[in-house]
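Chemist: Build me a model:
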Amino acid sequence: MTLDPHFDDAHSAGEAKRAVRQGLGVALATSAYGISFGALAVAAGLDIWQTCVLSLVMFTGGSQFAFVGIVAAGGLAAAPSAIASAALLGVRNVAYGIRMSPVIGAGFWRRAAAAQFTIDESTAVSLAQRTARARTLGFWVTGIGIYVGWNLSTLAGALLGDVLGDPRAYGLDAAAAAAFLALLWPRLRARQPIVVGVAAAVVATVLTPVLMPGLPVIVAAVVAIVVGWTNWLGRSTATDAVEPDDVAEREGLP
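Modeler: Coordinates of the predicted model:
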């Protein structure tokens, strides 16, 4: 165990820089996908300003794509179904908010601001960090970075929709998925997280063709909660449950 405060400061600064780098990288990859949303929303019949307002206010990619996809298929008559599907997909953000509450800290205005940025990516980057300061930085850098980038790319996609053609042909959605995989991979070091990931992916894949958009995600999340709650395939003792990174942090090791 080190008693050198300079070492601790250097270690903390290194973790903070790592969180910022990861946050900016994920923000860049995810923001690029906003071009697809802008183009698809205009093709579905929304005006440019309606498309941009949807990104500014709703700001959750899965819900936005579900909304414009249903509107494109059914027109204005499908609006109630589109709203319901978007709302179902957005339910997962409630769970993220509960998990991120200790990271955000107390204060009404702080929590109110954080609510807009509590999305898949900001939660994932934050929880991937090993220190409290790095988790906080990861959350805010990722959330604000994506918010700015997503809205700018949404506007670009809406303006250039006709020029771009079919935006899905560019595979921008793969960039966001790759960023998620990069964050998830280091955490797959034990049987339980691997089982949770595989089981949730299988459930979501099987149910997607038969359930309305949003429900497969919620059911897959329930699978993760049940496995975590029952500690199925998890470590049985408090000592074993400490991750190597946590031990290193406590001992002041890099």
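Chemist: now for the strand or helix carrying Val26, which elements pack on it?
Modeler: Secondary structure assignment for Val26, by DSSP states H and E: helix 5-32. Packing partners of helix 5-32 (3 or more Cβ pairs under 8 Å, 6 or more residues apart in numbering; DSSP states H and E): helix 120-127, helix 132-159, helix 172-184. Just so you know, the C-beta spots here come from the backbone N, C-alpha and C atoms, and that holds for glycine as well.
Chemist: closest one to Gly25 among those helices?
Modeler: Using Cβ to Cβ as the measure, helix 172-184 is the one of the helices and strands packed on helix 5-32 that comes nearest Gly25, at 6.8 Å.
Chemist: wait, what's in contact with Ala115?
Modeler: Contacts here follow Cβ atoms under 8 Å, 6 or more residues apart in numbering; on that basis Ala115 touches Gly97.
Chemist: Can you read off the pLDDT for it?
Modeler: In the predicted model, Ala115 carries a pLDDT score of 91.
Chemist: tell me the angle of the next helix or strand after the helix holding Val26 relative to helix 132-159?
Modeler: Counting by DSSP H and E, the next helix or strand C-terminal to helix 5-32 is helix 34-43. Interaxial angle, helix 34-43 versus helix 132-159 (axes from the mean of the first three to the mean of the last three Cα atoms, to 10 degrees): 40 degrees.
Chemist: how about helix 34-43 as PDB, C-alpha atoms only?
Modeler: These are the backbone C-alpha positions of helix 34-43, laid out as PDB (Å, rounded to 0.1, in the frame of the first residue of the first chain):
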ATOM      1  CA  GLY A  34     -27.100  10.700 -36.100                       C
ATOM      2  CA  ILE A  35     -26.600  11.400 -39.900                       C
ATOM      3  CA  SER A  36     -28.600   8.200 -40.500                       C
ATOM      4  CA  PHE A  37     -31.400   9.400 -38.200                       C
ATOM      5  CA  GLY A  38     -31.600  12.800 -39.800                       C
ATOM      6  CA  ALA A  39     -31.900  11.300 -43.300                       C
ATOM      7  CA  LEU A  40     -34.400   8.600 -42.300                       C
ATOM      8  CA  ALA A  41     -36.600  11.000 -40.400                       C
ATOM      9  CA  VAL A  42     -36.900  13.400 -43.400                       C
ATOM     10  CA  ALA A  43     -37.600  10.400 -45.700                       C
END
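Chemist: Counting neighbours, what do you get for Val198?
Modeler: Residue neighbour count, defined by other Cβ atoms under 10 Å, stands at 11 for Val198.
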